[in-house]
Every structure is written in C-alpha cells, then in structure tokens.
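>>> Predicted coordinates and the sequence they were generated for:
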Amino acid sequence: MRSEALLHQGAAKATEPLVVSCGCSALQQARLRDALHGIAPLRSLEGLAALSVADWLHVPDTVVIAIEPAAARDCVALVREIRSRCPRTALVAYCSGVTDTPASIGALAAAGIHQFLFADINDRGCMLRAIFDSARQQCVTELVTSALRKLLSPLLLPIVEAALTRPEVVTDVSTLAQALGVHRKTIFNRCSRAGRLGPQELLTWVRIALVAHLLESTGYTVEDIALQLGYPSPTALRNTIKRHVGVRATEIRSGGGLELVLDRLRDRIRLHVV
C-alpha cells in the first residue's frame, strides 16, 4: 500500500521502537530482540520509573510493551499513562501467546493498545513490520478523528474514519461510498442531515487535516505527502490547501499545524454554506 511508509510514521525526531519491560522475563526480551533484528534497535526499560522527564520528550513513535501473562493486567495503568503523556505514540503489546492472555487482551485494548504481537505467531519479518505499520496508522486515525469530532456531527464520523483509514484510496465521493459500502446518495443524505458541508468538501477538509498532522509531526515534504495520499501532483495539494485554508503548506507546518486547519474549518462551518 502506497501510504504505509508515510502514514505510519508518527514522529520525525525518533523512530526506533522502545520496549518498556513490565514484569517480562529475560527470555521474552531476548525473543523480542531477535524479532527486531534488522528492523530496529531495542531499548529496554524496567518501567515508567526508568523514564526521565527528558525521555518523555523524545519517546519514539512506536512503543512496544513486553507483557508476561501474570503482569498483563498490571500493564493497563502503564498503557494509560503512556497514552496520556504521548498521544502520538502507537502502542504495541508483545504477549507470550494467544492462549496465555485472552482475559487481558480486552483490558489492554481498552486502555489504548493499538496492536498485539504474539510470540511465535506474528513476531517475525513482514508480519512484525505489518503490525507496527497498522499500529501507527490506527494512532494517526485516532488523533485526527478525535480532533475533527469536536467540530463535526456524529453522523459524519464514519465518513471521517473511512477517509483516514484508506486516504490513498478514498479520494472522492465514489471511492468513499465504496469504502463505506453504501450508495453515493446515502452519503449526500447524511451530510444534508448534518446540515453542514457537502460530501466532497467534507472529504477535502478531512484530507487536509491529515496533511496538516503529517506536516506538523513528521519531516515529510509536500511532495512526499501528495504522492502517498494520491493527489494528482504536489501543486494540486498546494492549491487545495491554499484554496480552503488560505495559507501555504509551509505556513501550516510552521504556524499551528492541525490546530490551524481546525480553526479554518470551524470558520467555514460557521458560514453554514453547503
């Protein structure tokens, strides 16, 4: 998928996984170190107490929490604290096996774990990379959806989530309808009931919000983002930003990022012109 290398990149400053040990054995850490060989270096900690204030300012975009079955429930508080301090960090739990932790999976997912690794099941090679990619994508989708939820009707949130989950595919109302499994007319009716933006304009704003998040939180250029999100050209993306937001892409990166776009979208909604 074309967007994987881009959308699943949470922060430009630090990209290596960070393993926070929470009661896990030396054997499990050795397994994870072996699984990450050739993918990323491993940094092991004994928990939050080992993280200094400076560490929290540079937490990588992906944190892998190694979990022993007996300690899984104790990790819930750890997960919640990381989510609170580092909302842009994707969290992956590394468990001993499916049969060992079924009672804890739900609690960990509810606390904020994005994806799960299971020893000897999906902790090698391309499967491991896919888990990291999926976690990063889910984290970005949650962040931008949460920001847009403050401005948009709940009726429109499925549209937002579909657009953010497959942004390289969902580029117009037709592909949006296919992603949602509904007729185009259903989308128009939903937007009409919400009484705000039309479908194409809503989709455009959602995509711009995603672009703003990427400009703000990664080192990717407009050219990179345009290519990965399926824009016809970098110029087309720049023109879209200028037309809707009223500023250049570089101004979004330096002048507020996602919050700037949300402010402009808020102004647009207040006009109540569809």
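Yep, it's here. Residues are numbered from 1 along each chain as shown.

>>> The residue nearest to Ala130 when sequence neighbours are not counted in helix, strand or coil?
Leaving aside its chain neighbours, Ala130 sits nearest to Asn122 (8.0 Å; criterion: CB to CB, 6 or more residues apart in numbering). No exception for glycine: its C-beta is placed from N, CA and C like everyone else's. Classification of Asn122 using DSSP: H, G, I helix; E, B strand; the rest coil returns coil.

>>> Asn122: what's it in contact with?
Leu128, Ala130, Ile131 (CB atoms under 8 Å, 6 or more residues apart in numbering).

>>> For the first one, give me the pLDDT.
Each residue has a pLDDT score; the one for Leu128 is 81.

>>> Contact partners for it?
For Leu128, the contacting residues are Ala35, Leu36, Ile39, Leu117, Asn122, by CB under 8 Å, 6+ apart.

>>> Which helix or strand lies directly C-terminal to the longest helix along the chain?
As assigned by DSSP state H, the longest helix anywhere in the chain is helix 125-149. Using DSSP states H and E, the helix or strand that follows helix 125-149 towards the C-terminus is helix 157-165.

>>> before we move on, back to that, how close does the residue nearest to Ala130 sit to Ile82?
Per CB to CB, to the nearest Å, Asn122 is found 22 Å from Ile82.

>>> ok, now Ala130?
22 Å.

>>> quick one: low-confidence ranges for the stretch 1-150 of the chain?
Within the stretch 1-150 of the chain, the set of residues satisfying pLDDT under 70 comprises 1-25, 38-61, 68-73, 97-103.

>>> all strands for it, in order.
For the stretch 1-150 of the chain, the strands defined by DSSP state E, counting those that start in this stretch occupy 18-22, 44-45, 62-67, 90-95, 115-118.

>>> before we move on, back to that, could you check which of Ala130 and Ile82 has the larger neighbour count?
Ile82 (23 against 14; other CB atoms under 10 Å).

>>> Quick check: the gap between that one and Glu223.
Applying CB to CB, the value for Ile82 to Glu223 is 33 Å.

>>> And Ala107, by the same measure?
Separation of Ala107 from Glu223 (CB to CB): 43 Å.

>>> for Leu36, same thing?
To Glu223, Leu36 is 31 Å away according to CB to CB.

>>> Which of those two has more residues huddled nearby?
It is Leu36, of Leu36 and Glu223, that has more neighbours when counted by other CB under 10 Å, with 19 against 14.

>>> Give me the distance between that one and Ala66.
When distance is defined by CB to CB, Leu36 is 11 Å away from Ala66.

>>> Check Thr221 too.
The gap separating Thr221 from Ala66 is 35 Å, by CB to CB.
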